[in-house]
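Q: Any chance you can model this:
(one chain, ligands or ions: 2)
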Amino acid sequence: MRAAPGGAIAAIDPEGGLPITLGRPVAAAAHESEPAMSAADLMDFSPEVAEARSAKKPIVALESTIITHGMPYPRNVETARSVEEAVREMGALPATIAVIDGRFRVGLSANEIERLGELSGGVVKASRRDLALVAVRKGSAGTTVAATMFIAELAGVEIFATGGIGGVHRGAEETFDVSADLIELSRTRVAVVCAGAKSILDIGKTLEFLETQGVAIVGYRTDEFPAFYARSSGFKLEHRCDGLHDLARVIRLQREIGPGGLLIANPIPQDHALEEAAVEARIAEAVAEAKAQGVAKKEATPFLLKRVFELTGGRSLTANIALIKNNAMLAAQAAVELSKL
Ligand code: PSU
Ligand code: MN
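A: Ligands and ions are numbered 1, 2, ... in the order given. Have a look, this model is predicted:
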């Protein structure tokens, strides 16, 4: 698969007619002419990110599954752009991460974000376990929190902002549906800013799982783990930070202690929070539909996000956009503080 002129992503493989999302089938026999490949060899930095890395300027990683599977087009693209803008306004450089034509890209052009957004749903949703397969086939993918953490760590980026992390799904005692994001948080040294977890998930079980996996969690100016659309979930956190300097010190020390990252829980701004009971009812409907239709595995989260969006008449999306921007701003401020330590 080749990149189309101007760095755009080719939608169809000109040779095989395959959708770009899957890339080419893996050849039956290894080609001796193909160079040895390591994950580090697959990394491509945008010129701005490359410059910021060498000058040790603050950088914030951003994920791309939110673009490909988290929101409808064109709001996904508008959101990705305004989130990048929010990071810049706070004095850091945004580095949106995705897999494009088999390369691990750190920092996307506006054109590339637009193309990924247009392909929404039609492109692979890559968690860490999918990365090698997508790369060898020279495919393209939106990266989940888990995959983005892996690439951010390889890039030496300490902090990453998202909306909500994956977690333990409701009914996991039967389905075993637990997001690989939680495992990644336990072993990859990147700080992740989120607005808690959506109540499409079982928040109590998610917190128990994170505790078992030894994942450090800190509330930013909150004593409770936030519930995405709502500022509180009723689940208390053991640790909170109220200032950026403190937060940056925690991030740096956690990075040294490891073995995992740090989950920074940042509640949605008050004026964008949704009325809990109303959203809860819509979420319960979406979860019941998913169960009835047998939606499982990696389709579960995108299905639920889409249905909650539809059932709330788009109000969930407005809140979602506000909280991601809020998280990106906190991550950028923390990145600036980290660069001063
Ligand atoms: N939660 C959201 N929006 C999202 C996601 C989760 O509110 O876009 C995406 C993130 O990329 C997250 C992924 O890493 O879904 C988790 O998918 P799964 O549950 O299949 O691990
Ligand atoms: Mn899952």
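Q: which residues sit in contact with I217?
A: 207, 210, 225, 237-239, 262-263, 265 (CB atoms under 8 Å, 6 or more residues apart in numbering). No exception for glycine: its C-beta is placed from N, CA and C like everyone else's.
Q: Quickly name whichever of these is closest to ligand 1.
A: L263 (12.5 Å; CB to the nearest ligand atom).
Q: I'd say that closest one and Q213 touch.
A: No. Assessed by CB atoms under 8 Å, L263 is found out of contact with Q213, at 10.7 Å.
Q: can you list residues touching both of those two?
A: L185.
Q: The residue of the stretch 201-341 of the chain found nearest ligand 1: what's it in contact with?
A: Nearest residue of the stretch 201-341 of the chain to ligand 1 (CB to the nearest ligand atom) works out as T301 at 3.7 Å. Counting by CB under 8 Å, 6+ apart, T301 touches 69, 166, 179, 200.
Q: The closest residue to the third one other than its chain neighbours: neighbour count?
A: In other words, S179. Spatially, and ignoring its direct neighbours in sequence, S179 is nearest to G166 (2.7 Å; CB to CB, 6 or more residues apart in numbering). Neighbours of G166 under the rule other CB atoms under 10 Å: 27.
Q: The longest helix belonging to the chain packs against which elements?
A: When the chain is parsed with DSSP state H, its longest helix is helix 315-340. Judged by 3 or more CB pairs under 8 Å, 6 or more residues apart in numbering; DSSP states H and E, the packing partners of helix 315-340 are strand 59-62, helix 75-89, strand 159-161, strand 191-194, helix 244-257, strand 262-265, helix 300-311.
Q: anything in that helix near ligand 1?
A: No. Helix 315-340 is not in contact with ligand 1 by CB under 6 Å from any ligand atom; minimum separation 6.8 Å.
Q: neighbours around K236, how many?
A: 12.
Q: give me every residue that touches it.
A: So K236 contacts 223-225 (CB under 8 Å, 6+ apart).
Q: Neighbour-wise, which one of the residues you listed leads?
A: Those, ranked by neighbours (other CB under 10 Å): first place F225, 24 neighbours.
Q: what does the model give the closest residue to that residue other than its chain neighbours for pLDDT?
A: Among residues not flanking F225 along the chain, F235 sits closest, at 4.6 Å (CB to CB, 6+ apart). Looking at F235, its pLDDT is 97.
Q: F235: what's it in contact with?
A: F235 neighbours (CB under 8 Å, 6+ apart): 203-204, 207, 224-225.
Q: if we go to 10 Å?
A: When contacts are counted by CB atoms under 10 Å, 6 or more residues apart in numbering, F235 is found next to 196-197, 203-204, 206-208, 224-227.
Q: Which members of those residues are classed as buried?
A: 196-197, 203, 206-207, 224-227 (16 or more other CB atoms under 10 Å).
Q: Farthest pair within these?
A: T206 and E224 (13.6 Å; CB to CB).
Q: any residues in contact with both of the two?
A: In contact with both T206 and E224: 196, 233, 235, using CB under 10 Å, 6+ apart.
Q: Once you drop chain neighbours, what's closest to the second one?
A: The shortest distance from S233 to any residue that is not its chain neighbour, by CB to CB, 6+ apart, is 3.8 Å, and that residue is A227.
Q: next one: stretch 40-52 to chain centre, how far?
A: 19 Å (CA atoms, centre = their mean, to the nearest Å).
Q: Just the endpoints, please. Distance across that stretch?
A: End-to-end span of stretch 40-52 (CA to CA, to the nearest Å): 18 Å.
Q: What are the buried residues along that stretch?
A: Those buried within stretch 40-52 under the rule 16+ other CB under 10 Å are 42, 45-46, 49, 52.
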